[in-house]
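Colleague: Make a model of this:
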Amino acid sequence: MATVLLLRHGLTAMTGPVLAGRTPGVHLDDRGIAQAASVAQRLASVALSAVVTSPLERCAETAKAVTKAQRSAGHAPSTKTDRRLVECDYGDWTGQKITALAKEPLWRVVQAQPSAATFPNGESMGAMAARGVAAVRSMDATLSAQHGAETVWVACSHGDVIKAILADALGLHLDLFQRIVVDPCSISAIRYTDGRPFVLTQNDTGGDLARLVPPKPAKTARGRQSRSAASDATIGGGAGAGTV
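Modeller: Residues are numbered from 1 along each chain as shown. Modelled structure (predicted):
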């Protein structure tokens, strides 16, 4: 079977402090543009058969950088937008600050039992996981049939979607997926086989290992430590550099 490289989009001005979700018009900022260019160059040595992306701007722009570098290297991947890779619909949580969301009763459910979490006027995390896994598995089978088992392709998506796909490949219940960290513009690789999936690498940013040093805890405007505990995952994915 093919090998899928799960690529999270690069940084935006909202990544980390705000839950961007499906907010329209959220583009890569200068940091994200640089990240996308860097990961595209890293991938240029691999002839990709396809670059598939979420429709949201930050993913489309990251995928575009990868496709451009592929073509400059003489490769000719097909391109496709797949709505099943779109960000979780966080409903009324969309666009709110993470520090404010951490005070909501639902926050603890999202942290401890995400399979039971449904966002107000939004999507359940279970539904997000199901569509993301279905998208990757079906595209993987299609590309294997078209290009052979040795083909490699990219799926560009969002933090929580990629974490759910990795949890499925690892045989983890969705309630354990918050243990997985997926940084902006990181690559995680899965090879699906007839017997089982193999997770080949996870959260590879190719950077200095100093990024694994835990960041200092955030403080509120009053100088107190944020209520969001160090053990809490950042909904929607952190901003990188070891943040969870």
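Colleague: for the protein, what's the longest helix?
Modeller: Identified as the longest helix of the chain according to DSSP state H is helix 125-147.
Colleague: now the helices for the protein?
Modeller: Per DSSP H, the chain carries helices over the ranges 30-43, 57-72, 98-101, 105-112, 125-147, 159-170.
Colleague: Could you point out which residue ranges in this structure have low pLDDT?
Modeller: Within the chain, the segments meeting pLDDT under 70 span 208-230, 241-244.
Colleague: Of all the strand elements in the chain, which one is longest?
Modeller: As assigned by DSSP state E, the longest strand anywhere in the chain is strand 197-204.
Colleague: Surely Leu176 touches Asp168?
Modeller: No: the pair Leu176 / Asp168 is not scored as a contact, 11.1 Å apart, by CB atoms under 8 Å. (Each C-beta comes from the backbone N, C-alpha and C, glycine too.)
Colleague: Could you check which of those two has the larger neighbour count?
Modeller: Neighbours per residue (other CB atoms under 10 Å) separate Leu176 from Asp168, with Asp168 holding more: 21 against 13.
Colleague: Quick one: neighbours of Val136, just the number.
Modeller: Val136 is flanked by 28 other residues according to other CB under 10 Å.
Colleague: what's it in contact with, if anything?
Modeller: Val136 makes contact with 4, 6, 155, 165, 190, according to CB atoms under 8 Å, 6 or more residues apart in numbering.
Colleague: how close does it sit to Gly236?
Modeller: 19 Å (CB to CB, to the nearest Å).
Colleague: Could you do Val181 as well?
Modeller: According to CB to CB, Val181 and Gly236 sit 13 Å apart.
Colleague: higher neighbour count, these two?
Modeller: It is Gly236, of Val181 and Gly236, that has more neighbours when counted by other CB under 10 Å, with 23 against 19.
Colleague: so that one makes contact with His158?
Modeller: Yes: under the criterion of CB under 8 Å, Gly236 makes contact with His158 at 7.1 Å.
Colleague: Thank you, goodbye.
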